[in-house]
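J.: when you get a sec, could you give me coordinates for this:
(one chain, ligands or ions: 3)
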Amino acid sequence: MIPLKDKDKPIIRKLLDAGCCARCILRFCCVAVQSAYRLSYEDICRELSAFVRDSEKEQTHDVTIQTQKDDPPQKKLKLENSQAGEHDTSAAATVTAECGRDTAGASVCVVCLGVLQDFCNHGFAKKVAEAVKAENYEIESLVLSVSLPAQLSVREHSCWLHIKKEVREKSMCLGKDDVIQVKEAFKWTLQTMVSKELRVPVLANSPFEVAVGFTHAETDADCHFLATTCSDCFKPTKNKLSVFTRMAVVKALEKISDDKFCRNFPCPPTKPSTECSPQDITCLHGSVFVAGRYNKFSRELPQTPWVIDGERRMEGSVEELIAAPLLSSFRAEGFNFSSSGREDVDVRTLGNGRPFAMELLNPHRSQFTKAEIRQLQEAINQSSDKIRVRDLQIVTREAMSRMKEGEEEKTKSYSALIWTQRSIEKKDLEFIENIKELTIDQKTPLRVLHRRPLAVRQRVIHSMSASLLDCHHFTLRLRTQAGTYIKEFVHGDFGRTKPNLCDLMQTETDILELDVESVDVDWPPAVPE
Ligand SMILES: *[C@@H]1O[C@H](CO)[C@@H](O)[C@H](O)[C@H]1NC(C)=O
Ligand SMILES: *[C@@H]1O[C@H](CO)[C@@H](O)[C@H](O)[C@H]1NC(C)=O
Ligand SMILES: [Zn+2]
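T.: Ligands and ions are numbered 1, 2, ... in the order given. Here you go, the predicted model:
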């Protein structure tokens with residue numbers, strides 16, 4: 001049973017005459033009961049037509065009562081009766097014609113251009129479901145998104161103006177915003193059907209979105225007159241094919257006066273001869289984020305692909321080694337790697353490793369057990385001797401920010417192999433070990449000047465310790481503020497880092513090898529073995 005009210009009757013009649021489909025009539029009658037739209041098109045028609053016929057009886061009844069009370073001239077009564085009769089007959093006829101829509105190919109709705117007629121049924125829901133199945137996603141829920149031709153808003157507005165007068169005369173409090181949107185009515189119907197076909201629930205914030213779109217070339221020009229009334233609304237944008245976007249059209253419709261609209265566009269809208277064309281059905285699963293820590297044991301492996309002038313300078317990279325097993329297990333379309341800082345190609349990352357996060361784009365699978373994630377970690381570990389991964393886990397997008405949080409304040413520990421020009425002994429190193437909380441000024445290093453602006457940064461070297469290897473070599477361990485350029489601190493970068501190790505030791509020093517020993521960011525949380 002569709003909850004229609006007596007006050008809706010004149011509106012229903014008018015909409016039927018204008019060529020509105022049954023579901024659009026429910027929308028304009030502000031029927032907000034979702035199940036009403038899910039009835040078959042034939043059932044909605046049957047109810048509407050019964051409702052209109054009821055009204056015929058009532059009207060005759062009303063007139064009879066009126067006749068008895070006021071006793072108007074016989075002639076007028078006859079006229080009224082025949083008019084009402086004619087009207088009802090035509091409305092009922094329209095309902096019947098619209099009911100034949102699915103089979104007999106009756107007229108296409110002037111407002112929704114067929115979206116709520118031929119695309120709101122099990123047949124189309126099956127098609128959508130098949131398209132989703134073909135993509136082979138493993139999903140737990142879904143949400144439908146619909147993109148409609150912009151001119152639908154123009155036609156909706158026209159139809160609204162057409163019945164607005166009627167609504168006002170009956171002093172019914174019906175505003176344009178109370179009208180159920182085509183998009184809503186379509187979703188209420190199709191989303192439920194697709195959900196049943198795929199056996200997963202609908203979830204408003206589901207990460208899995210099925211997008212259905214429609215176009216209608218025949219009426220594309222419907223929007224064009226709006227450009228002359230609101231030129232501000234239609235500015236070309238880079239990514240859009242047409243300036244007549246739905247947003248722009250809605251904005252223009254808010255500005256245009258009713259009079260001006262009616263002078264430029266037929267109210268009600270003209271009848272189209274074709275229905276909308278459905279576009280390709282597309283699926284998108286929201287990103288999944290995987291975090292962990294990596295070790296890098298090679299001095300010939302960049303963190304990210306090293307490409308200069310379009311040419312690859314070195315095979316492989318940390319991100320690719322980690323990404324490969326993840327991409328194939330999550331069946332993702334791509335990835336976006338980020339980490340807490342980075343090391344140079346020739347620098348190893350030892351200790352507990354460096355925190356990283358991998359955004360997996362459009363994953364076709366997103367649910368993994370802890371054991372499966374562990375297997376993935378092992379697969380990464382075994383894929384190469386150059387890297388190892390620990391604490392691998394699925395995290396939320398929000399948690400990702402904790403990796404970058406306070407990055408500058410964090411401490412990093414390094415170990416470096418140092419060469420000295422002058423011969424040194426143990427006591428030279430004791431001097432170094434006594435230096436605490438040393439503040440240094442670092443001009444942007446020459447080697448990164450091509451990609452970073454020239455600036456002077458202050459960094460703190462919290463502490464150092466050293467062990468002698470031979471009279472020209474020692475191992476230097478440093479605990480520093482994140483972002484300290486260690487190589488430049490050692491060789492001085494032509495005086496661009498002050499003070500530097502050469503100044504402190506009063507000899508030329510150079511760095512032969514560098515390892516990151518620890519990155520003190522306590523994210524992601526450790527995963528117990
Ligand atoms: C990759 O991540 C960055 C930073 O989080 C973001 O700005 C960018 O849009 C992402 N790229 C993709 C393809 O998602
Ligand atoms: C991968 O290697 C890391 C570092 O050696 C180790 O801690 C972790 O347990 C390994 N994980 C698996 C599953 O092999
Ligand atoms: Zn319609």
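
J.: wait, residue 373 sits on residue 391?
T.: No - the pair residue 373 and residue 391 does not pass the contact test of Cβ atoms under 8 Å, sitting 10.2 Å apart. Every C-beta, even on glycine, is put in place using the N, C-alpha and C of the backbone.

J.: list the buried ones in stretch 486-503?
T.: Residues of stretch 486-503 classed as buried by neighbour count (16 or more other Cβ atoms under 10 Å): 486-493, 496-497, 500-502.

J.: got CSV for these, with distance to ligand 2 too?
T.: Output for the buried residues of stretch 486-503, formatted as CSV (distance: Cβ to the nearest ligand atom, whole Å):
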residue, distance to ligand 2
486, 24
487, 26
488, 30
489, 29
490, 28
491, 32
492, 35
493, 34
496, 37
497, 33
500, 34
501, 32
502, 36
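
J.: format these as JSON lines; extra columns: distance to ligand 3.
T.: JSON lines is the format used below for these (distance: Cβ to the ion, whole Å):
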{"residue": "486", "distance to ligand 3": "69"}
{"residue": "487", "distance to ligand 3": "69"}
{"residue": "488", "distance to ligand 3": "70"}
{"residue": "489", "distance to ligand 3": "72"}
{"residue": "490", "distance to ligand 3": "75"}
{"residue": "491", "distance to ligand 3": "75"}
{"residue": "492", "distance to ligand 3": "77"}
{"residue": "493", "distance to ligand 3": "72"}
{"residue": "496", "distance to ligand 3": "71"}
{"residue": "497", "distance to ligand 3": "72"}
{"residue": "500", "distance to ligand 3": "76"}
{"residue": "501", "distance to ligand 3": "78"}
{"residue": "502", "distance to ligand 3": "81"}
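
J.: which of the residues you listed fall in strands?
T.: Using DSSP state E, residue 497 are the members of those that sit in strands.

J.: ok, which stretches of the stretch 401-529 of the chain are strands?
T.: 411-420, 436-443, 456-470, 473-481, 497-498, 509-519 (DSSP state E, counting those that start in this stretch).

J.: what's the closest of those to residue 18?
T.: strand 509-519 (68.3 Å; Cβ to Cβ).

J.: in the stretch 101-250 of the chain, what residue spans correspond to helices?
T.: 101-104, 122-134, 151-169, 182-198, 226-229, 246-255 (DSSP state H, counting those that start in this stretch).

J.: with mean neighbour count and mean pLDDT added, can I get those helices in JSON lines?
T.: JSON lines is the format used below for the helices of the stretch 101-250 of the chain (neighbours: other Cβ atoms under 10 Å; pLDDT from 0 to 100):
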{"stretch": "helix 101-104", "mean neighbour count": "13", "mean pLDDT": "43"}
{"stretch": "helix 122-134", "mean neighbour count": "16", "mean pLDDT": "96"}
{"stretch": "helix 151-169", "mean neighbour count": "20", "mean pLDDT": "88"}
{"stretch": "helix 182-198", "mean neighbour count": "20", "mean pLDDT": "96"}
{"stretch": "helix 226-229", "mean neighbour count": "16", "mean pLDDT": "85"}
{"stretch": "helix 246-255", "mean neighbour count": "17", "mean pLDDT": "90"}
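
J.: quick one: these as a markdown table, columns for distance to ligand 2 too.
T.: Listed next are the helices of the stretch 101-250 of the chain as a markdown table, based on distance: least, Cβ to the nearest ligand atom, whole Å:
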| stretch | distance to ligand 2 |
| --- | --- |
| helix 101-104 | 57 |
| helix 122-134 | 34 |
| helix 151-169 | 54 |
| helix 182-198 | 34 |
| helix 226-229 | 61 |
| helix 246-255 | 49 |
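
J.: of all those helices, which lies closest to residue 355?
T.: Closest among the helices of the stretch 101-250 of the chain, using Cβ to Cβ: helix 122-134, at 35.7 Å.

J.: list the helices and strands that closest one packs on?
T.: helix 182-198, strand 208-215 (3 or more Cβ pairs under 8 Å, 6 or more residues apart in numbering; DSSP states H and E).

J.: among the ones you listed, which is nearest ligand 3?
T.: Judged by Cβ to the ion, the one of the helices and strands packed on helix 122-134 that comes nearest to ligand 3 is helix 182-198, at 7.2 Å.

J.: what does the closest one rub up against?
T.: With contacts defined as Cβ atoms under 8 Å, 6 or more residues apart in numbering, helix 182-198 is touched by 23-24, 26-27, 34, 37-38, 111-112, 115-116, 119-122, 124-126, 128-129, 132-133, 139, 142-144, 146, 148, 152, 156, 201-202, 210, 212.

J.: what does the stretch 401-529 of the chain put close to ligand 2?
T.: For the stretch 401-529 of the chain, the contact set with ligand 2 under Cβ under 6 Å from any ligand atom is empty.

J.: so, low pLDDT: which residues of the stretch 401-529 of the chain?
T.: The model of the stretch 401-529 of the chain has pLDDT under 70 over residues 406.

J.: hmm, residue 461 and residue 477 touching each other?
T.: No - contact criterion Cβ under 8 Å: residue 477 and residue 461 do not qualify, at 11.2 Å.

J.: who's more crowded, these two?
T.: Taking other Cβ atoms under 10 Å, residue 477 and residue 461 do not tie; residue 461 has more neighbours (20 against 16).

J.: chain neighbours aside, what residue packs nearest to the more buried one?
T.: Leaving aside its sequence neighbours, residue 461 sits nearest to residue 438 (Cβ to Cβ, 6 or more residues apart in numbering; 4.5 Å).

J.: count of neighbours near the one you found?
T.: Neighbours of residue 438 (other Cβ under 10 Å): 16.

J.: same check on the one 3 residues further on?
T.: Summarising burial for residue 441: neighbours were counted as other Cβ under 10 Å, giving 12.

J.: what pairs with it across the strands?
T.: Under DSSP bridges, the beta-bridge partners of residue 441 are residue 458, residue 498.

J.: returning to what we had before: to residue 218, which of the strands of the stretch 401-529 of the chain lies closest?
T.: Checking the strands of the stretch 401-529 of the chain against residue 218 by Cβ to Cβ gives strand 509-519 as the closest, at 61.2 Å.

J.: keep only the contacts of helix 182-198 that also lie close to ligand 3.
T.: Near ligand 3, taking Cβ under 5 Å from the ion as the test, the members of those found are 24, 111, 112, 116.

J.: in those residues, find the pair that's most separated.
T.: 111 and 116 (8.5 Å).

J.: contact residues of the stretch 1-150 of the chain facing ligand 3?
T.: Contact residues, the stretch 1-150 of the chain versus ligand 3 (Cβ under 5 Å from the ion): 21, 24, 109, 111, 112, 116.

J.: ok, and the closest non-adjacent residue to the third one?
T.: Same thing as residue 109. In space, residue 109 comes closest to residue 21 once its chain neighbours are excluded; the distance is 3.5 Å by Cβ to Cβ, 6+ apart.

J.: outline the domain layout of the chain.
T.: 6-283, 291-405, 408-519 (automatic domain parsing).

J.: out of the ones you listed, which is closest to residue 527?
T.: domain 291-405 (4.7 Å).

J.: now that closest one, how far from the chain's geometric center?
T.: Going by Cα atoms, centre = their mean, to the nearest Å, the spacing between the C-alpha centre of domain 291-405 and its chain's C-alpha centre is 24 Å.

J.: now do the same end-to-end measure for it.
T.: In domain 291-405, first residue to last residue: 15 Å (Cα to Cα, to the nearest Å).

J.: now stretch 497-506
T.: 15 Å.

J.: how about stretch 311-325?
T.: End-to-end distance for stretch 311-325: 25 Å, by Cα to Cα.

J.: can you check stretch 522-529 too?
T.: Criterion Cα to Cα; first-to-last residue distance in stretch 522-529 is 17 Å.
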